[in-house]
Every structure is written in structure tokens, then in C-alpha cells.
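Trainee: Could you work out the structure for the sequence below:
(2 chains)
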2 protein chains.
Amino acid sequence: MPDNLNIARGARLWPIEEIAHRLGLPGEAVEPYGRGIAKLDLSAVDALAARPRGRYVVVSAITPTPLGEGKTTTAIGLVQGLQQRGHTATVTLRQPSLGPTLGLKGGAAGGGYSQVVPMERINLHLTGDIHAVTAAHNLLAAMIDSHLYHGRGVDLDPESVCWPRVMDLNDRALRRIVIGLGPRADGVTRQSGFEITAASEVMAVLALADSVVDLRRRLGRIVVGQTRQGEAVTAEAIGAAGAMTALLKEAIKPNLLQTLEHAPALIHTGPFGNIAHGNSSILADRIGLHGSDFLVTEAGFGADMGAERFFNIKCRASGLVPDAAVLVVTVRALKYHSGRYAVTPGRPLPEGMQAESPEDVRAGASNLLKQIDNIRAHGVTPVVAINAFPSDFASEHAAIVDIARKAGVSAAVSTHVRDGGAGAVELAEALIEAIDVADEAGNGFRFLYPDEMPLDAKIERIATRIYGAADVAFSPEARRQLDAYQQQGHGRLPVCVAKTHLSLTADATRPGAPEGWTLPVREVRLSAGAGFVYALCGDIRTMPGLGADPAAAHIDVDANGEITGLF
Amino acid sequence: MPDNLNIARGARLWPIEEIAHRLGLPGEAVEPYGRGIAKLDLSAVDALAARPRGRYVVVSAITPTPLGEGKTTTAIGLVQGLQQRGHTATVTLRQPSLGPTLGLKGGAAGGGYSQVVPMERINLHLTGDIHAVTAAHNLLAAMIDSHLYHGRGVDLDPESVCWPRVMDLNDRALRRIVIGLGPRADGVTRQSGFEITAASEVMAVLALADSVVDLRRRLGRIVVGQTRQGEAVTAEAIGAAGAMTALLKEAIKPNLLQTLEHAPALIHTGPFGNIAHGNSSILADRIGLHGSDFLVTEAGFGADMGAERFFNIKCRASGLVPDAAVLVVTVRALKYHSGRYAVTPGRPLPEGMQAESPEDVRAGASNLLKQIDNIRAHGVTPVVAINAFPSDFASEHAAIVDIARKAGVSAAVSTHVRDGGAGAVELAEALIEAIDVADEAGNGFRFLYPDEMPLDAKIERIATRIYGAADVAFSPEARRQLDAYQQQGHGRLPVCVAKTHLSLTADATRPGAPEGWTLPVREVRLSAGAGFVYALCGDIRTMPGLGADPAAAHIDVDANGEITGLF
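Mentor: This is a model prediction of the structure:
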């Protein structure tokens, strides 16, 4: 099989206007941005609103290994499979960050014959939306420090400023810095730092906004610090929210691309999967939902993280009701969750893990069963997608099908990476059947917790019901913060629990589905603009670092101007 | 007269493909990037190369006041005027930086009826090229700090690192920072800082590169520090040059837009006018030159700065020979150069300066005469363009025409801001006549200094011949650096003298054309990738700051999603 890059290069792109036509979009809504890419004017949302809504499907996964289990390829493969079955289907994905692309993992536009193209543009800048988020975020930061320097206008306590700067790169040396050194004209000296742009609240705001007016309002609500009297100081008070909105005027328009089989793909926004909700934009989902029979969206990390937030943060914000969920599983991940093997990115799998062993697969079933249960906790019955690898054995696939069947859910082997949509037809059929069954029972979707539940109880609900924790331990600081947010009227917000994605627990080294453990909540922060509170559990990095041999060192441009080494 | 924003909004844009057609470009070379904007594939350069070359015209100015004298509007008006005379004409401009746009001065896409549209996109991101430069620059910075952290590979002395980070905003608090604080995993602690992206060597490289291969080579040559043995360490040695090129693969393609009268406008790259050469890209000029009868390009600041570098850095790099120059002058600037008035941005002109006074105009003639002489020093005879303001008096325009005539050059009053191309027809005719006269004499263009002149002598030549200095005082550090560059084989590079643009001297408060003064050279730095050495004279800011009431605080988006306050 050719590598990702060569498959992508061999793709014959349809004119993007034809892809937009598949979505039922009028020509005026389509703004081409280079070959095979268009921005969709927000008038597209209105143009499609009167059309009936398609089915809303979220793709999630069991707790992933550090290698990833192929949620993106499965989501892409699935829409191609649905297409092969005669349906229209659109996939929505997050825009990959330059940090990981140039750091560890290379490109993030799917793989094999389930890719979105053109892959180089997706991985490098796309239409510049992440850069616009960086600019809007950092404008606010510059205006905050300018307020401190000029000492006019807003009363802002320098010690209280909780708005870092951001950069869309992995740059560990910027995590902790001191700014404003040197003569007085070089600003007020204080400690600060940079986070990666995906971690910016502005990114979460952009993903959750449903219009330019809503974007403007949410940006204004962002809290950047306090007055000396302890009152919240917002981006509105700093005078930045208007210009930030202007900077994001193009970025709020979803980006339309296509899969290798010419299904519409909307790649839009990229909020982090730990300190933010890790889902692509509501606006993109709306377009795809009203423009096709099926809208398939990928949620970040495992079902305990991305899917839980898809249900409780994204669907709560949008008012949209999901119809179905797909849970991606791999043989290697189940073997990993048996606790018998360790997996390290960039190194080959341990030899024992590559031998035929349905027994190892069964030994890891606890994680799969827990994540099935986590989807069901929201009144949705998932379909298990077995993302097949060439190194898998039929007996191992059979073991997974058996585990799923015993849990009362259907499972399908999907070979979409090797076979494109044809490899995902079985999965598509299982999905359609699951939706038919659910239709008969009536849509049972429910939130995990009501708005009016106090913030600490929401965290406890997520920890015990989803993660399988026995208890939650709040630090004194977290307690103080929760009380303050509750008193300030933020108690109705949903909660995003930031923990490692590599375990159901807050300890990345614990596979399976551990029980009897306690979730430690170190700190709680407010994203008032995005509209959630997030709880930091364990060591959460919001600025990754580069390894000793980063992906960037292997990327180049050849004599024909073609990019090499990006995959 | 309606304001800039309303004139721009009222514009009826032609499809960008029609503008490309005016340049003789095949459809394949045109990649639309939203309404009215396209990137031109570099195949456009090849497609046009066989066509005869048009006339190459640089627009410069007398030493500007802090308010600016309208070089951009004059360049745009002139191509519209040439069009009205039945010629094809293209304008090339730098992309404005977000820093000044959101800081002090608002939009930078011309004014009145001499604008490039769509103005919001020009001022906010355009096609994202500046952001791509930021990403490429900061990737190199992150990889440098990663080398220091991992301590593998290149031997790089941390004390020697001379590669800051960049951001396309005015943010004084980032001028001097300490990075890498905290635990070991958060990087190596050292002093550093941010500059504005326009000041990045990567921006100068992009502006001077004539192909992707040339870009790759130049990026690899960038010197970021030294080994402990004093050998230069390059971006190539850091392993960053390939990925930097990949990040700039779209940014190297010139951006095509149109003026209000549908003349092609190429807005591409934005190197600083003090520490870099302050001219738009060579690639854009090549396309316009072979695609129209006239290519009019604007060079930053006064003729002592932008035009001198246009001749000695940009034309030296491209091998292109200029045919003519336009020198923009205003009544208010000549009154300012009389030394009788002070001008402050954001405040109304002093009352005395607004009274009819051809006498004040004559008293400021020394600067105009010196800048005419500076153009002539390169074998080119300029045409003086009097950029008319509503507050001017006919007697004052007559005084300027008289000054120019006595100096042996023609002058034309241009009302392009009020009247569009029709207001610049007289200027267009004067330009054509000047070219006719020059044609009879044969093109006399010459560099100010030969490659083989030593670096210090080049600086002395610029200071004495162009700035009118009596002498140059090199600091001991500058001397050491010049000797080192000379020894390392960089002696053949041209020199960029970084000084204030508000005076012919290095002291911003000295109007006119002072004589008998000494240029102080504090420090000399190497831009090995861009291919020049730059000399810092006086206090040169490479990261501006925001004022107490920045432009950003007045920018907003209204209920219809239209941007307000950006002009």
C-alpha cells in the first residue's frame, strides 16, 4: 500500500463548488481559498436551516494508547461508507495544530484511503484560522499589559492577571517567563507564560459560537483578572472584544474540503481536548446536519473525555440532539489495556503484543465496556468500530465482536484505511441499524447532569459515573475557586475535567478501568466566554515541548517545490 | 467626500480572474482566496517571462512627517492615472502589519478614491502570509531552545543566540523577557525577547527570494548564533530550514487584488523599513513588470531609506533595472521641514501650519532638494508628485513646482485621493515624459557602491552621499562586528542602515537637510539569509508598543457582521 502522502498526492480533487453543491449550498455561500478549499459564508447556515436535519453521529474511542486508535480515519471512512450505501454524509473535524504536526506526530488529515485532501494545506495553516485565534488572543494580552503600563482606565490588579499569551507551536521554553524587563518603557515586569493556541479560550469560544454576534458577546465575557476589590475584569472592560471579533471575522466561517471519495469534510476550529471541550465547531455541524443525511463528527481523546464533552458541553450549547455514537477500538489498544504491555510513541510495538492473542484482547475488555457504558449514560447506544490493522488476527477481531455483543451493542470490522469507503460499509450498515433500533424506542438522549447542579457535584458526577472514581479530592484552592465561581453566578455552567487522556484515571500509566481510586482536583478555572468551568487534575501541559528529534527536522521541500516528510 | 471605509464598501469588485486576465495570466496560475483576492502560483512568473518587460517605477518620498505623506495613495493613484491614459499598470505594495493597524494608525490600503480593495482583508490577515512568517521564524526559535535543552547535536553557545521570537502585534512587555524559568523540563533559562514579525529576517528573505529553491537556500543560511569556538551556527545546522520552507510554501505566492479602478494590485511581504529593506517582494514585481506596461512599487519611508534600499538591495538581488522614480511631497511636510512647526500624530496640525504660506514651503525646500539628489545619485531622475490636500493653497503648490523646476525635475499636482485616477493623469503624463527623456539619454541606473567595497566604507558612502553626514562614528562593538563579518566572507553584502525615518539624520527631531553632523553606528548585525548587513544607528525599536488609547479599542463588528472603526 502506498504511504499517506503518495495516496493524497494521487487524489483527483473535485472542484470545491461541486462539493458545496452536494451540501445543497448556493454558489454565493462558497468562497474558494486555494484549490480544493473554500470558506463557507455564514449565510450557508441560514440557507440550509429550512431543510430537514440529518442524523447526528459522534465518533469516539476507548481510552487511546499513545499511538492513537484511528478516530479520524474511522470518521472519514464512515462517511465514505455511508456514501457507498447511497446516503449523503459529511464529516466534521478539528483543524490540527502546528505544534504536534511539527513536533511529534506529523500530519493529521486521516490516513490511507480515508483521508481529507489537500493534506499539506490541512496540516500547514489551512485558511489561517488558528493564526487568527492567536492574533485575537495575543491582542487581548497586549492590551492588558498596556493597561498596566499606562495605568489608565480599568483598575486591574497585576497579580490577578490570568490571561497568558499563546503560540501555535511546541515551545517549552515559553511555559514560564518573566516579561516587561528593562527600562520602564518596556512594560510592567511580571511572571507570565505561553500556552499552545489550541488551549486558548478564544479557540473554545470560536468553536461554540453560533453567529458573529454570539462570538462578539462571548469574547466580551472572557475574564482576564480582577480589580483590587476582587471584581472580575473582562475583555469587554479592556476594550479588546470588538477588535478580537474583527480579527476572527473570517475564522468563524467553516472550511470545506473533501475526502478522497469526495464526501464533504468541514475542518473548523481546534480546541484542546483536556482543558477545553475538544470538539470541532457547532457552525460546521449545523451546515453538515442540514446539508446531508448524516453528519459524522469526531470528538477528541476517549469517550470519557471528548464524547462526554460533546454531549454535555457542545450539545448543551447548540441545543442539537445526537442520534448515535461510534466507539473506535483497536486490537493493540485492548492488548494495551490488559496491562501486560507498555507502548511508547516512536518505537515499534512490544513483540509480545504483535503475536496472535485473543486472550490479551479479552484481558483488556474492561476499558471497552466502561466506555460503552459511558456513552449509554447519555441515553445513546454506541456501535463499536474495530479499526483493523494489517497485523491483526481474525480471532482477535472475533473476540472484540463477542465482547461487544455480550454488552448488547453491535460491532463491525472496518478496513477503511486500506479500502476506503468500501471497507466501512459494514460499519455504516451497523450504524444505520442502531439508529433504526433507537428510532423505535424514541431518542433517549440525556445530559449527565442538570444546569442547576452545583459545580462540585458536577465534577463528582463525571468522576464517579464516567471515570469510575470512588471519590473526588478537592484541594483547598480548588474549593475556594469553586465557591467563588458559584457565588459569582457561574454555577450553572457545565464542567470540563482536564486530566490525562491516556487513562480513565488521572494517572496516565493506569490502563483498563480502575476502580476505588480518588480524582485529585488541583485547581479550577473559569472560561466565562466559552461557557464552562474547567478542573485541573494532575499535571496538565498546556504548552507541549519538542523532542530531541522533532518531526520538523524531517520535513523539507524538494526541487519541484513539493513538501516531503509530512505524514 | 465619504470616508475611506465607505468608499471601499461602495466598491464593485471585478472577479479576480478578470484582473489576472489583465496581467495576461493563464487561469491555472490563479488561486482565489476569498472574494476579490487570489494567490498567484509561481508558474505565473514563468508564464509571463517571455513577454516584454514594462517600465519599472519606484515611488518614494521626501523625509516624512509622523503623519505620512501619502506614498501608498500616490502609487495607487498613479497606476489608475496611467490606466486612464490607456496604459496597463500594476502596483506592488507591502502587506500592512497588524501591529500598527491595531495600534496607532488604522488601515493601510490607500485612501479616498485611490485604495486597494477589499480593505478589511488587506488590513486583517490578508491570506495569512505574515502569520506564516511568524510560524516559520518561531519554529526556528523553538528548535534552537530545544537544542539547548536536549543538549544533543549542534554545539551552540547559549550566550551567542541572536534569534529572538516574533509576533505581529505591538507588545512592549515582550521586548525584554527571561524564558525557560521553572523546572528543568521547562527549558534552559536565558534572556531573550520578541520583535514584530515585519522585523524578522524571514520576512526579508521571503521578499528577496525569487523561487522556492532560492527561499530554501536563503533560510538555511540564516545565522542564529555561534559554537563555543566562534563558528556560525545556521538554521540549516539546526535542522529547521526545510520545515520553515514548507511553512512558507503558500506565503511565497504573491497576492493579487485590485484598486478601486480595477488596476491589478499585488500586495506581498512586509519587511520593516529600518532594520530591513522595506520593499515588497521581487516576485510580485516580476509578475507586474512582465504583465503590464508599468509596474509601480512603493518603497518604505523617505528616499534616503526605502528608495536607497530599493536600488542597492532589492535591485541588486533581482538584477532588475529601474526606469523611473516618483518623489512624493506634501505642502505640510515642506512646512514641517522649515523647522518652524512641530507635528504630533493624533493631534491636529499646528494652526500656523494651516495658513497660506508659500514662504514656509520654500523654507522647507532643502529636504526635497536633498531627496531629489539622492535619487539622482543612482542615475535616475525623479518626478515630483505633489500629493494635494484640501487644506493646501494654489500658491503653495506653485512654490513646489518652482523649487522642482529649478532643480531640473518636473513636478505635477496629484488629486488622486479626491479624484482617483483622473486626479493623477497629469502625474502619469509627467512620468511618461521623464521616461522618454531618460530613454534618449540611455538608462543611467547605477548602484551607490560596488559589491567589493568594504562594509564600513559602504556605510560611510550611504551616510555622506545620501544622508548628508560629514562623518560616521563606529562604536568599538560595531568595529569588531564589521571586522568579523568582513573576515567571515560577508564583505560583499550590501548594507542597510537602520535609523529614524523622520529625519535625514539619526535624530528624529531634526527636519530639513542638516549638514556637518556625524552618524553614530552603535551595532552591526548580519542577515545572511536575506543577504545584507544592517547597522543600528540611534534607538531603533523592533517591537513597538501600544498607546494609552490604541486603534484596537475603536474597532468593532456591528450587528450585520460589518467591521467598524478600521480606517
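
Trainee: pLDDT score for the nearest residue to residue A:226 once chain neighbours are set aside?
Mentor: Distances taken as CB to CB, 6 or more residues apart in numbering or on different chains put residue A:160 closest to residue A:226, at 4.1 Å, once the chain neighbours are dropped. Bear in mind the C-beta positions are built from the backbone N, C-alpha and C, glycine included. Per-residue pLDDT puts residue A:160 at 95.

Trainee: give me phi/psi at residue A:160?
Mentor: Phi and psi for residue A:160, reported as degrees, to the nearest 10, are phi -90, psi -10.

Trainee: in chain A, which residue is closest to the centre?
Mentor: Centroid-nearest residue in chain A: residue A:278, 2.7 Å away (criterion: CA atoms, centre = their mean).

Trainee: now that residue: how far from residue A:309?
Mentor: Using CB to CB, to the nearest Å, residue A:278 is found at 6 Å from residue A:309.

Trainee: quick one: contacts for the residue nearest to the centre of chain A?
Mentor: With contacts defined as CB atoms under 8 Å, 6 or more residues apart in numbering or on different chains, the neighbours of residue A:278 are A:94, A:271-272, A:299-301, A:305-306, A:309.

Trainee: rewinding a little: okay, and the common contacts of residue A:278 and residue A:309?
Mentor: Common neighbours of residue A:278 and residue A:309 are listed as residue A:299 (criterion: CB under 8 Å, 6+ apart).

Trainee: rewinding a little: which residue packs closest to the residue nearest to the centre of chain A, ignoring adjacent ones?
Mentor: Of all residues not flanking residue A:278 in the chain, residue A:300 sits nearest, at 3.0 Å (CB to CB, 6+ apart).

Trainee: Touching, the one you found and residue A:94? I think so.
Mentor: Yes: contact criterion CB atoms under 8 Å: residue A:300 and residue A:94 qualify, at 7.1 Å.

Trainee: what sits in contact with each of these two?
Mentor: Residues touching both residue A:300 and residue A:94 (CB under 8 Å, 6+ apart): A:278-279.

Trainee: export stretch A:149-159 as CSV, just CAs?
Mentor: Provided in CSV are the C-alpha atoms of stretch A:149-159 (Å, rounded to 0.1, in the frame of the first residue of the first chain):
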residue,chain,number,x,y,z
TYR,A,149,1.8,50.2,31.8
HIS,A,150,-0.3,53.3,31.1
GLY,A,151,-2.1,52.9,34.4
ARG,A,152,-5.3,54.4,33.0
GLY,A,153,-8.8,53.3,32.6
VAL,A,154,-9.5,49.9,34.2
ASP,A,155,-8.5,49.1,37.7
LEU,A,156,-6.7,45.8,37.2
ASP,A,157,-4.6,44.0,39.8
PRO,A,158,-1.4,42.9,38.1
GLU,A,159,-1.1,39.9,40.4
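
Trainee: can you tell me if it touches chain B.
Mentor: Yes: Stretch A:149-159 comes into contact with chain B (CB under 8 Å from any CB of the partner chain), by way of A:149-150, A:152-153.

Trainee: Just put those residues in TSV and tack on neighbour count.
Mentor: Formatted as TSV, the residues of stretch A:149-159 next to chain B follow (neighbours: other CB atoms under 10 Å in any protein chain shown):
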residue	neighbour count
A:149	19
A:150	15
A:152	9
A:153	14
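
Trainee: In helices only, show me those.
Mentor: Secondary structure from DSSP state H places A:149-150 of these in helices.

Trainee: List just the nearest of the residues of stretch A:149-159 next to chain B to residue A:72.
Mentor: Using CB to CB, residue A:149 comes nearest to residue A:72 of the residues of stretch A:149-159 next to chain B, at 44.1 Å.

Trainee: Please report how far that closest one lies from residue B:172.
Mentor: Counting by CB to CB - residue A:149 and residue B:172 are separated by 7 Å.

Trainee: what is in contact with these two at once?
Mentor: Counting by CB under 8 Å, 6+ apart, the common neighbours of residue A:149 and residue B:172 are A:180, A:187, B:545.

Trainee: In strands, which of the residues you listed appear?
Mentor: Counting by DSSP state E, no part of these is found in strands.

Trainee: so which of those is the most crowded?
Mentor: Of all the shared contacts of residue A:149 and residue B:172, residue A:187 has the most neighbours under the rule other CB atoms under 10 Å in any protein chain shown, reaching 25 neighbours.

Trainee: In contact with the residue nearest to residue A:226, which residues?
Mentor: A:225-226, A:233.

Trainee: how close does residue A:533 get to chain B?
Mentor: The gap separating residue A:533 from chain B is 26 Å, by CB to the nearest CB, to the nearest Å.

Trainee: re earlier: just give me the neighbour total for the residue nearest to residue A:278.
Mentor: If you count neighbours by other CB under 10 Å, residue A:300 ends up with 26.

Trainee: Isn't residue A:378 up against residue A:443?
Mentor: No: judged on CB under 8 Å, residue A:378 makes no contact with residue A:443 at a distance of 11.2 Å.

Trainee: In terms of neighbours, single out the busier of these two.
Mentor: residue A:378 (23 against 14).

Trainee: Contact partners for the closest residue to residue A:423 other than its chain neighbours?
Mentor: Once flanking residues are discounted, residue A:423 sits nearest to residue A:415: 3.4 Å by CB to CB, 6+ apart. Going by CB under 8 Å, 6+ apart, residue A:415 touches A:388, A:423-424.

Trainee: Run a quick neighbour tally on the residue in the stretch 451-567 of chain A positioned nearest to chain B.
Mentor: Nearest residue of the stretch 451-567 of chain A to chain B (CB to the nearest CB) works out as residue A:556 at 3.1 Å. Applying other CB under 10 Å, we find 19 residues neighbouring residue A:556.

Trainee: Could you list the contact residues of the stretch 201-350 of chain A toward chain B?
Mentor: Residues of the stretch 201-350 of chain A lying near chain B by CB under 8 Å from any CB: A:212-213, A:216, A:239-240, A:242-243, A:245-247, A:249-250.

Trainee: what does the model give residue A:105 for pLDDT?
Mentor: Reported pLDDT for residue A:105: 66.

Trainee: For beta bridges, what are the partners of the residue lying closest to residue A:161 once chain neighbours are set aside?
Mentor: Nearest non-adjacent residue to residue A:161, counting by CB to CB, 6+ apart: residue A:225, 4.2 Å away. Each beta-bridge partner of residue A:225 is listed here: residue A:233, as defined by DSSP bridges.

Trainee: what residues are up against residue A:225?
Mentor: Going by CB under 8 Å, 6+ apart, residue A:225 touches A:144, A:156-157, A:160-163, A:233.
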